[in-house]
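1. give me a model of this one.
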Amino acid sequence: MNKFPIALTTQSCFSGARAISIFSLLPSIMKPETYWVRTLKGQIVRIELSRNNAGRWAVWLDDTLICDDFGSASDAAFYANRKEFTHESARDLFRSVWVPPELHSWSTGLPEQPKRKETRPPPGSCTNRLWKPGTGEDRF
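-> Predicted structure coming up:
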């Protein structure tokens, strides 16, 4: 017999809870039933089974839980598109986010890492070099 009883709690939408470095844990938490989409601003919106209520689905914006009280993944995508969340604070966080309403438009598996831009030194950071006689005369 287990000495520590397991208690399931229901949680209303938007707890403001932060996950611990969610992107470093992606390989361990991403499941086949996880859907995601990258926003224009580079944020990741995920739909996955709720960690608080086994039969419900959750919407995450990066590492912030937005709502975990949807009956299906399709419902979560539909309501996330319409920004219909119980709490005003969740709607505020999602205000500038657009996601597709149809679940088949979402990706599954691990999100791709954004491509890094090529970095060049800022103009003026390289000092001008003086031409030395005898160097480069035979280059052309």
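2. now the longest helix along the chain: buried residues?
-> Of all the segments of type helix in the chain, defined by DSSP state H, the longest one is helix 73-82. Neighbour counts over helix 73-82 (16 or more other C-beta atoms under 10 Å) mark 73-74, 76-81 as buried. Heads up, the C-betas are built off the backbone N, CA and C, glycines and all.
3. would you list every one of the helices in the protein?
-> 26-29, 73-82, 88-93.
4. thought residue 80 was touching residue 46?
-> No. Residue 80 is beyond contact range of residue 46, at 10.1 Å (criterion: C-beta atoms under 8 Å).
5. got the contact list for residue 80?
-> 45, 47, 59, 66, 94, 97, 99 (C-beta atoms under 8 Å, 6 or more residues apart in numbering).
6. now swap in residue 56 and tell me
-> With C-beta under 8 Å, 6+ apart, residue 56 has these contacts: 49-50, 68-71.
7. how many neighbouring residues does the closest residue to it other than its chain neighbours have?
-> Setting aside the residues directly before and after it, residue 56 is nearest to residue 50 in space (C-beta to C-beta, 6 or more residues apart in numbering), at 4.3 Å. Residue 50 has 19 neighbouring residues, counting by other C-beta atoms under 10 Å.
8. look up phi and psi at residue 50.
-> Reported as degrees, to the nearest 10, the phi and psi values for residue 50 are phi -70, psi 140.
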